[in-house]
Structure formats: structure tokens, C-alpha cells
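# The following block contains a protein sequence and its predicted model.
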Amino acid sequence: MKIVVLDGYTLNPGDLSWDALQTLGDLVVHERTSENEIVERAADADMLLTNKVPLSAKVINALPKLKYIGVTATGYNIIDMACAKERNITVTNVPGYSTASVVQLTFSLLLELCYRTQRHSDAVMKGKWSANPDFCFWDYPLTELSGKTLGIIGFGSIGQRVADVGAAFGMPILASSRTQTDQSHRKNFQWVTREELFAQADVISLHCPFTPETENIINAQTLSLMKPAAKLINTSRGGLVNALDLTHALNDERISGAGLDVLATEPPPADNPLFKAKNCIITPHIAWATKEARLRLMDTVAGNIKAFVEGNPLNVL
């Protein structure tokens, strides 16, 4: 059984082990694979693992031995699922492995917007505190989260954990989701429409999937509904945000700040307008990438393959 990994570098840049996969078959790991290299590299693969390398119908049909596709992530829009189903190829993913890490970065971005710790640390290192006549100083508005309303769009496992942490900060919670599960155990929680959430929230955090219905849900119209002091956090999918509309809203101070871990195109072009937006913090899609999360991901990928080989596949899409 030959297992080919098309883009192993992001999962394992060298700090993890491939041993669990090596025990399951003849393993070949490529750090990165361009689209025109896929067929050659996977020609004799029984099993193919991919994170972001797309597998189109043309590519899948050019791989006659292929029996299994493992997505080393949660999202699977890179796979032509109709073709895989037609070919009777099992496709699996890895749900839930990064929930804790994504929640952690969500609040890292929010807290940085509230206190600008790096900005103040840089000022101290440059001597501004030493030269200050008072015992303290700040050169950016400081914000307390307690009492601020947290609006969460998308209320799956990550959105719910974000609500837990927000509540611990003393934040009332508003949520908008396709499905409204029973949340009667939560205090200061309310289901609202998306429009109500935009208008009432002091912080909006995105945790919904990228679909035709959610594409560019952050746009000029929805941004115009938000409070001038509101902050936007996106650790979900870049395509949820219209970059130019958000840039204008930030530069015109229609909202007070944004923390983004994802962009519509990754890596982004150098002229992405958000790079020149006021009060915008951008991290390079790292929410999922703690070592702990990647260890869980690696373990689940190996478990998915083992279960498939044994005839009881898990996490099938």
C-alpha cells in the first residue's frame, strides 16, 4: 500500500514524526507539490494525503490506483467530491483537532486590539517609558472586555468554545447560526439574526464555514451596521471578508479595529489593501498550527488510514 503526502511541510516542518504513517504502508512525503506535479508524483499511489493541494476531477481520473484521499485538515473544498464518489474513492478529513488553538488565537487577536501589548512594549524598548515624567503611559486606547457584547457568527464547536471564554471575561453573548441548538445552560446568551448581531455587538468573531451564502458576509453594507467602536475578528475563512470594504471601514474609522488570521488569497498578494488599513492585525493563518494541534492532526490522520485499511473508515466525507 503506497501512501503519498503531497504537501507535508505545513503539517510537519520537521518537529513531528511520520513514524505512525510509515508503519501503515510505503510512505513518500513531498514537502510541497504544484498542481502540474500531482499526477506524476501520485501515479502509483493507493492513498493520497493533501492539505491544500487541490484534487480536481481531471487529476483524480488520472490516478487509476487511487482508493483513498485523506485531507490533513477539516475543510475539504479542494477535493472534487462528486468525482471521488463516482470513482468509489473514500475521502476523510480531520475535524476538531484545532479547536482549542483557534479559540486561543481568537482571543490573542482580540486582546492585542484591546491593549496593543506589542506596541507598548516596543515603545518601552525605545526609551519612551524611561523618558516619561509619570509612572505609566499609554499611547493607544485601552479597552476592557467585561460588559462588552460578543457576537459570534457560526456556533459550532469553535464558536461555542469562544462563547465560553467570552463569558469568562464577563461578556454577554449574541450568536447567529444556520441551526439554533439549545443553549439554555448559558447565562447572558441570545440567539439573534445576523443583522441584529452586526448592530448590537461590540466584538464580532467569525466561526462559520465558507459557502456561497457566507462569502463576503463582511462587506460595506454589514460593516455600516456595526458600532464605530466595534472590533472584528476572523480566524475562520478569508473569503468571509471583503478586504477592500473592510479596509475602507477601518481607514474611515467606521469600526475601531480588526484581527485577522486568514485572507481570501493565501499567501496574499503584496498589494492586499488590508496591509495599509488602520488598526488591523494580520497573522499568517497560524490559529491551527500549534504543535499540540498538529500532533492531534497527525494522530488522527494515521488513525483514519488504519481504520480504512481495516475496513471501518472514520471521518468519511
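Structure received.
# Now do the strands in this structure.
2-5, 26-29, 47-50, 68-71, 90-92, 150-153, 173-176, 189-191, 203-206, 231-234, 257-260, 280-282 (DSSP state E).
# Make JSON lines out of these and add distance to residue 309 and mean neighbour count.
(Each C-beta comes from the backbone N, C-alpha and C, glycine too.) What follows is these, written out as JSON lines (distance: least, Cβ to Cβ, whole Å; neighbours: other Cβ atoms under 10 Å):
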{"stretch": "strand 2-5", "distance to residue 309": "10", "mean neighbour count": "22"}
{"stretch": "strand 26-29", "distance to residue 309": "13", "mean neighbour count": "16"}
{"stretch": "strand 47-50", "distance to residue 309": "9", "mean neighbour count": "26"}
{"stretch": "strand 68-71", "distance to residue 309": "9", "mean neighbour count": "24"}
{"stretch": "strand 90-92", "distance to residue 309": "11", "mean neighbour count": "21"}
{"stretch": "strand 150-153", "distance to residue 309": "39", "mean neighbour count": "26"}
{"stretch": "strand 173-176", "distance to residue 309": "40", "mean neighbour count": "24"}
{"stretch": "strand 189-191", "distance to residue 309": "43", "mean neighbour count": "15"}
{"stretch": "strand 203-206", "distance to residue 309": "37", "mean neighbour count": "27"}
{"stretch": "strand 231-234", "distance to residue 309": "38", "mean neighbour count": "26"}
{"stretch": "strand 257-260", "distance to residue 309": "40", "mean neighbour count": "25"}
{"stretch": "strand 280-282", "distance to residue 309": "41", "mean neighbour count": "18"}
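# and these as a markdown table, adding mean pLDDT?
Listed next are these as a markdown table, based on pLDDT from 0 to 100:
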| stretch | mean pLDDT |
| --- | --- |
| strand 2-5 | 98 |
| strand 26-29 | 98 |
| strand 47-50 | 98 |
| strand 68-71 | 98 |
| strand 90-92 | 98 |
| strand 150-153 | 98 |
| strand 173-176 | 98 |
| strand 189-191 | 98 |
| strand 203-206 | 98 |
| strand 231-234 | 98 |
| strand 257-260 | 98 |
| strand 280-282 | 98 |
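# Go through those and name the closest to residue 41.
Closest of the strands of the chain to residue 41 is strand 2-5, at 6.2 Å (criterion: Cβ to Cβ).
# Does anything pack onto the closest one? Which helices or strands?
Helices and strands touching strand 2-5, by 3 or more Cβ pairs under 8 Å, 6 or more residues apart in numbering; DSSP states H and E, are strand 26-29, strand 47-50.
# how near is residue 29 to residue 293?
Distance of residue 29 to residue 293, computed by Cβ to Cβ, to the nearest Å: 19 Å.
# for residue 100, that is, sorry about that
From residue 100 to residue 293 the distance is 7 Å (Cβ to Cβ).
# So the two - more neighbours on which side?
residue 293 (18 against 14; other Cβ atoms under 10 Å).
# if I pick that one, what's in contact with it?
Listed by Cβ atoms under 8 Å, 6 or more residues apart in numbering, the contact partners of residue 293 are 97-98, 100-101.
# Apply 7 Å and report the result again.
97-98, 101 (Cβ atoms under 7 Å, 6 or more residues apart in numbering).
# ok, now residue 238?
262-264, 266.
# cool, and residue 18?
Counted by Cβ under 7 Å, 6+ apart, residue 18 has contacts 12, 27, 29.
# Look up how far residue 175 lies from it.
40 Å.
# Adding distance to residue 3 as columns, could you present the helices and strands packed on strand 2-5 in TSV?
Converted to TSV, the helices and strands packed on strand 2-5 look like this (distance: least, Cβ to Cβ, whole Å):
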stretch	distance to residue 3
strand 26-29	5
strand 47-50	5
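# which helix is the longest one in the protein?
If you go by DSSP state H, the chain has its longest helix at helix 291-309.
# That one: which residues count as buried?
293-294, 296-298, 300-302, 304-309 (16 or more other Cβ atoms under 10 Å).
# so which pair among the residues you listed is furthest apart in space?
Longest span within the buried residues of helix 291-309, Cβ to Cβ: 293 and 309, 24.9 Å.
# Could you find the residue nearest the spatial middle of this structure?
Nearest to the mean C-alpha position of the chain, by Cα atoms, centre = their mean, lies residue 236 at 3.8 Å.
# surely that residue meets residue 211?
No. Residue 236 is beyond contact range of residue 211, at 11.4 Å (criterion: Cβ atoms under 7 Å).
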